[in-house]
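Need a 3D model of the sequence below.
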Amino acid sequence: DLQPLIDRCYDLGRYAETIDYSRPPVPPLNEQRTAWATALLAKVPRG
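Here you go, the predicted structure:
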């Protein structure tokens, strides 16, 4: 299972501090991937 390793790299890389998640990604996602990301994010608890 690679998820713990990916989570650790994300935390140590400080991506949450350097990526502005309120802005659209660069380069932009195509229509299909935008729909996928929107559906995925709708499942994530906020707060």
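
give me phi/psi at the most centrally placed residue in the chain?
Taking C-alpha atoms, centre = their mean, the centroid of the chain lies closest to residue 21, which sits 7.6 Å from it. Phi and psi for residue 21, reported as degrees, to the nearest 10, are phi -70, psi -10.

Next up, the contacts around it.
Residues touching residue 21, when contacts are defined by C-beta atoms under 8 Å, 6 or more residues apart in numbering, are absent altogether. Where you see a C-beta, it was placed from the backbone N, CA and C, and this is true even at glycine.

Likewise for residue 41?
Residues near residue 41 by C-beta under 8 Å, 6+ apart: none.

could you measure it against residue 24, distance?
The span separating residue 41 from residue 24 equals 13 Å under the rule C-beta to C-beta, to the nearest Å.

Over to residue 7?
With distances defined as C-beta to C-beta, the gap from residue 7 to residue 24 amounts to 24 Å.

How about residue 6?
Counting by C-beta to C-beta - residue 6 and residue 24 are separated by 23 Å.

Next: residue 31.
Taken as C-beta to C-beta, the spacing of residue 31 relative to residue 24 amounts to 13 Å.

which residues are in contact with both of the two?
Taking C-beta under 8 Å, 6+ apart as the contact rule, residue 31 and residue 24 have no neighbour in common.

what helix or strand is residue 33 on?
Per DSSP states H and E: residue 33 is located in helix 31-42.

Restricting to C-alpha, output that helix in CSV.
Extracted C-alpha coordinates of helix 31-42, given in CSV (Å, rounded to 0.1, in the frame of the first residue of the first chain):
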residue,chain,number,x,y,z
GLU,A,31,-13.6,18.3,-19.2
GLN,A,32,-13.6,14.6,-18.2
ARG,A,33,-10.9,15.1,-15.5
THR,A,34,-12.7,18.2,-14.2
ALA,A,35,-15.8,16.1,-13.7
TRP,A,36,-13.8,13.4,-12.0
ALA,A,37,-12.0,15.8,-9.7
THR,A,38,-15.3,17.6,-8.8
ALA,A,39,-17.0,14.3,-7.9
LEU,A,40,-14.0,13.2,-5.9
LEU,A,41,-13.8,16.5,-3.9
ALA,A,42,-17.5,16.4,-3.2
